[in-house]
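Colleague: Output the structure for:
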Amino acid sequence: MGVNEVFVGYPYLVSQDNGNEYNTNVWWFSKVINWLKDVLQEYGIKLNVVNEYGTSRQCSICNINHENGRVKRGLYVCE
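Modeller: Here you go, the predicted structure:
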């Protein structure tokens, strides 16, 4: 269907502290990403794992941080 690149967010600081109650699923995240990468490679699709830090402040249209651009969760207004 014309998809040639997929972006997946990697939660910020998940793997910084080893073995506590907050990051026990970091190994499964890595395993799922590897499975996804293998499947996407079969179809010639590139996988990009992106750090999620600061993405709620960045405009998805122009990639600039606008002052008061985020109105509420999931809604960002680009001038």
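Colleague: For residue 10, give its distance to residue 47.
Modeller: Remark: distance between residue 10 and residue 47 (CB to CB, to the nearest Å) = 12 Å. The way it works is simple: take the backbone N, C-alpha and C, and place the C-beta from them, glycine included.
Colleague: Local confidence estimate at the spatially most central residue of the chain?
Modeller: For the chain, residue 9 is the residue whose C-alpha lies nearest the centre (CA atoms, centre = their mean; 1.2 Å). pLDDT, residue 9: 81.
Colleague: Renumber starting at 27 from here on
Modeller: New numbering, starting at 27: the last item is residue 35.
Colleague: in what helix or strand does it lie?
Modeller: strand 31-36 (DSSP states H and E).
Colleague: Please save the CA atoms from the helix or strand just after that strand in CSV.
Modeller: Next along the chain after strand 31-36, taking DSSP H and E as the criterion, comes helix 52-68. Output in CSV follows, covering the C-alpha atoms of helix 52-68 (Å, rounded to 0.1, in the frame of the first residue of the first chain):
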residue,chain,number,x,y,z
VAL,A,52,12.0,-3.8,28.4
TRP,A,53,13.1,-7.2,27.2
TRP,A,54,9.8,-7.9,25.6
PHE,A,55,9.8,-4.5,24.0
SER,A,56,13.1,-5.4,22.4
LYS,A,57,11.9,-8.8,21.3
VAL,A,58,8.8,-7.4,19.7
ILE,A,59,10.8,-4.7,17.9
ASN,A,60,13.1,-7.4,16.5
TRP,A,61,10.2,-9.5,15.4
LEU,A,62,8.6,-6.5,13.7
LYS,A,63,11.9,-5.6,12.1
ASP,A,64,12.2,-9.1,10.6
VAL,A,65,8.7,-9.0,9.2
LEU,A,66,9.0,-5.5,7.8
GLN,A,67,12.3,-6.5,6.1
GLU,A,68,10.6,-9.2,4.2
